[in-house]
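Peer 1: sharing a sequence plus its predicted fold:
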Amino acid sequence: MSDTNFEQLVGELERLESITASWPASQQQTLQAIRTTIEQIQAGAFRHLLRIVKEQPGGLDALSEAIQEPWVANVLMYHELLRPPAPSLHERVEVALETVRPQLASHNGDVELVSVEPPEVKIRLLGTCDGCALSTLTVKLGIEKAIKEAVESIEVVTIVKEGPARATSSPDKSPFEQHWEALCDVSEIPEEGIHVAESEKASVLLTLVKGEIKAYPNACTHLGMPLDTGSVKNGILTCAYHGFQYLLSSGECLTAPEIQLPRYPTKIEEGKVWVQLTD
Ligand code: FES
């Protein structure tokens with residue numbers, strides 16, 4: 001089945017739901033009860049399935065591969081058995097900029113994100129924000145504060161004059177398109193320790209277990225907090241925030257066995273670690 005079919009089915013579901021919105025309340029309640037019961041049955045079945053597959057030799061690798069498939073990932077995320085991917089640095093900075101845009105707009109100004117390369121973010125001021133030295137300073141301080149609060153790895157915000165046109169989403173582009181990115185040298189990853197590499201797409205946690213490099217999102221499956229501030233002991237990573245524990249070898253969550261850190265495919269070329277990320 002193709003991704004297009006998946007999206008068509010979701011669209012069909014939304015169309016059917018919009019029809020039921022005009023039904024009498026008692027019928028809507030009955031429908032909701034049926035839906036909730038079916039979802040509980042499905043979630044229970046998936047939970048059992050995940051547990052059984054994980055216990056099989058090679059089961060975790062098979063699951064990691066399976067959740068690369070949007071059909072599988074979407075259904076598991078719907079049932080909260082898999083965390084959605086953590087937002088990329090780029091997305092987190094954009095969210096921070098959204099918080100200051102209303103204020104800029106009230107003075108006919110705007111801001112455009114040019115690049116995110118920790119520890120620096122480059123922005124471009126638009127409209128009346130551009131050109132006035134005093135307002136530029138005031139605006140920069142406000143934007144800088146919002147960005148630094150949202151992304152702790154950003155230390156410098158630079159205003160540039162030129163930048164790429166604001167990105168618009170392409171209707172032809174699949175939201176699940178993947179690409180390989182060289183994130184660090186092999187020598188930077190400690191055996192049974194952790195190393196974090198930042199890409200514009202994601203913050204990636206890398207580890208070396210029995211000679212094999214593993215890459216996971218640097219985001220706890222509990223509340224999405226960064227995992228690199230946690231501690232590692234005996235091959236187990238403990239999240240610094242509320243203590244969720246993960247096996248570094250597989251990403252399996254020991255605290256909530258039905259979920260696990262999804263694994264990024266990796267490869268090594270000329271001493272560099274390449275990680276396959278989803279756009
Ligand atoms: S965010 Fe990691 S345990 Fe809560």
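Peer 2: Yep, that arrived.
Peer 1: packing partners for whichever helix in the chain runs longest?
Peer 2: Secondary structure of the chain per DSSP state H: the longest helix is helix 25-55. Helix 25-55 sits against helix 3-20, helix 59-66, with contacts defined as 3 or more C-beta pairs under 8 Å, 6 or more residues apart in numbering; DSSP states H and E. To be clear about C-beta, it is placed using only N, CA and C from the backbone, and glycine gets the same treatment.
Peer 1: which of the ones you listed is buried the deepest?
Peer 2: With neighbours defined as mean count of other C-beta atoms under 10 Å, those peak in mean count at helix 59-66, which reaches a mean of 16.
Peer 1: and the longest helix of the chain, what's buried?
Peer 2: Neighbour-count burial for helix 25-55, counted by 16 or more other C-beta atoms under 10 Å, picks out Ala43, Phe46, Leu50, Lys54.
Peer 1: residue contacts, the nearest residue to the last one once chain neighbours are set aside?
Peer 2: With C-beta to C-beta, 6 or more residues apart in numbering as the criterion, Lys54 has its nearest non-adjacent residue at 5.8 Å, and that residue is Leu60. Leu60 makes contacts with Lys54, Ser250, Gly251, Glu252, Gln260, as judged by C-beta atoms under 8 Å, 6 or more residues apart in numbering.
Peer 1: count of neighbours near the closest residue to Leu261 other than its chain neighbours?
Peer 2: Distances taken as C-beta to C-beta, 6+ apart put Gly251 closest to Leu261, at 3.5 Å, once the chain neighbours are dropped. As a burial measure, Gly251 scores 24 neighbours (other C-beta atoms under 10 Å).
Peer 1: residues in contact with Gly251?
Peer 2: Contacts of Gly251 (C-beta under 8 Å, 6+ apart): Leu60, Ser64, Lys214, Tyr216, Gln260, Leu261, Pro262, Arg263.
Peer 1: same check on Leu97?
Peer 2: Counting by C-beta under 8 Å, 6+ apart, Leu97 makes contact with Val111, Leu113, Ile123, Ile143, Ala146, Ile147.
Peer 1: relative to Ala105, which of those residues is nearest.
Peer 2: Ala105 has its nearest neighbour among these in Val111, at 10.1 Å by C-beta to C-beta.
Peer 1: ok so, going back, tilt between the longest helix of the chain and helix 3-20?
Peer 2: When axes from the mean of the first three to the mean of the last three C-alpha atoms, to 10 degrees is applied, the directions of helix 25-55 and helix 3-20 differ by 150 degrees.
Peer 1: average pLDDT for helix 25-55?
Peer 2: Throughout helix 25-55, pLDDT has a mean value of 90.
Peer 1: would you map the helices across the stretch 101-250 of the chain?
Peer 2: Ranges of helices in the stretch 101-250 of the chain, per DSSP state H, counting those that start in this stretch, are 133-150.
Peer 1: for it, which residues are neighbours of the ligand?
Peer 2: With the criterion set to C-beta under 6 Å from any ligand atom, the stretch 101-250 of the chain comes near the ligand through Cys220, His222, Leu223, Met225, Cys239, Tyr241, His242, Gly243, Phe244.
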